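>>> Give me the fold of what follows.
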Amino acid sequence: MRQSTTTTRQTKACKIERTLYLDRTDALRATVTETKVLQTKTTSSSRMYRIHRISCQFGVAAASVVNVATGDEYNVLLDGRHSTCDCPGHTYNPNGRPCTHLEIVAEAQRRKLL
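Just a heads-up that it's a prediction; the model follows:
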């Protein structure tokens, strides 16, 4: 069953709409589509991920998130306000908006797919 969640945020340059699709077939997969609405044009991009649960000693859940196109792998730990991801975006901006990988794992956990 394919399920989606859409969030919208406004930046100085444009409005960004992010849609997260979760799908469990042979494995748990996520597709993230971002649409940026600029004054003169609209652009859209998609990324696909595989998600694998990792056993953890603390926190709510832990998972490995692998970008299907690039093979980049990031480890995510869900632990409330102390949730972490080892991707560059979260590592260098830990107090900002959650990275895509955290959002994917949190949504999968919320839907009891992990």
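>>> C-alpha only now, for contacts and for neighbours.
Will do.
>>> Just give the number of residues close to Thr25.
If you count neighbours by other CA atoms under 10 Å, Thr25 ends up with 8.
>>> Tell me the spacing between it and Leu38.
Thr25 is 35 Å from Leu38, where distance means CA to CA, to the nearest Å.
>>> Also Ser55?
Taking CA to CA, one finds Ser55 at 42 Å from Leu38.
>>> Looking at the two, which is more packed in?
Shown here are Ser55 and Leu38; by other CA under 10 Å, Leu38 has more neighbours (12 against 9).
>>> where in this protein is pLDDT low?
Along the chain, the model assigns pLDDT under 70 to residues 1-2, 91-96.
>>> List phi and psi for the residue of it positioned farthest from its centre.
Relative to the centre of the chain, the most outlying C-alpha is that of Thr40, 27.8 Å out, by CA atoms, centre = their mean. Dihedral pair for Thr40: phi -100, psi -10, per degrees, to the nearest 10.
>>> ok, it - contacts?
For Thr40, no contacting residues are found, by CA atoms under 8 Å, 6 or more residues apart in numbering.
>>> Show me what the top helix by length along the chain packs onto, helices and strands only.
Ranked by residue count, the top helix of the chain under DSSP state H comes out as helix 100-110. In terms of contacts (3 or more CA pairs under 8 Å, 6 or more residues apart in numbering; DSSP states H and E), helix 100-110 is packed against strand 61-67, strand 73-78, strand 84-85.
>>> With distance to Glu17 as extra columns, can I get those in TSV?
Formatted as TSV, the helices and strands packed on helix 100-110 follow (distance: least, CA to CA, whole Å):
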stretch	distance to Glu17
strand 61-67	20
strand 73-78	23
strand 84-85	22
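>>> and those as a markdown table, adding mean neighbour count and distance to Ser45?
As requested, these are arranged in a markdown table below (neighbours: other CA atoms under 10 Å; distance: least, CA to CA, whole Å):
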| stretch | mean neighbour count | distance to Ser45 |
| --- | --- | --- |
| strand 61-67 | 22 | 14 |
| strand 73-78 | 20 | 19 |
| strand 84-85 | 22 | 22 |
